[in-house]
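J.: curious how this folds, go ahead:
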Amino acid sequence: MTAEEEANQLDSVTDRVQETELDESRANQALGALSGNAADASGGGNNNETMEVKKEDVDVIVAELECTEDEAEAALRAAAGGEAGVEGEKLVAAAVRRMVVS
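T.: You can find the predicted model right below:
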């Protein structure tokens, strides 16, 4: 094989990798747009990161599951976002269920 043929083969390989990277970035953009639309449709864009969680709820989860406060807060936020209208004891139960199952 000549040096020119080797160079052409190398170019074809690098071209293929660049196309794949472009497709991956497009896919990530599309997923980001979809997740943004889903949040808008599910409740007016209610952001779980800014949701207030009760200290008592966090303390119950930390005591029962021996996890960190951050993990308990994240579970409460995920449970509140995943199940609309869940409050109080049902929210704590949903958060504990999420942590035990995952």
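J.: just checking, what packs against the strand or helix carrying Ala93?
T.: Using DSSP states H and E, Ala93 falls within helix 88-101. Where contact means 3 or more Cβ pairs under 8 Å, 6 or more residues apart in numbering; DSSP states H and E, helix 88-101 is packed against helix 55-65, helix 69-82. Glycine gets a C-beta too; all of them are placed from N, C-alpha and C.
J.: so Ala80 versus Val53, what's the distance?
T.: 8 Å (Cβ to Cβ, to the nearest Å).
J.: any idea how many residues pack against Thr2?
T.: 7 (other Cβ atoms under 10 Å).
J.: all further residue positions should be reported with the first residue as 19.
T.: With the count now opening at 19, the last piece we talked about shows up as Thr20.
J.: sorry, back to before: return the most buried member of the helices and strands packed on helix 106-119.
T.: Comparing those by mean neighbour count (mean count of other Cβ atoms under 10 Å), helix 87-100 ranks first with a mean of 18.
J.: tilt between that one and helix 73-83?
T.: For helix 87-100 against helix 73-83, the angle by axes from the mean of the first three to the mean of the last three Cα atoms, to 10 degrees is 110 degrees.
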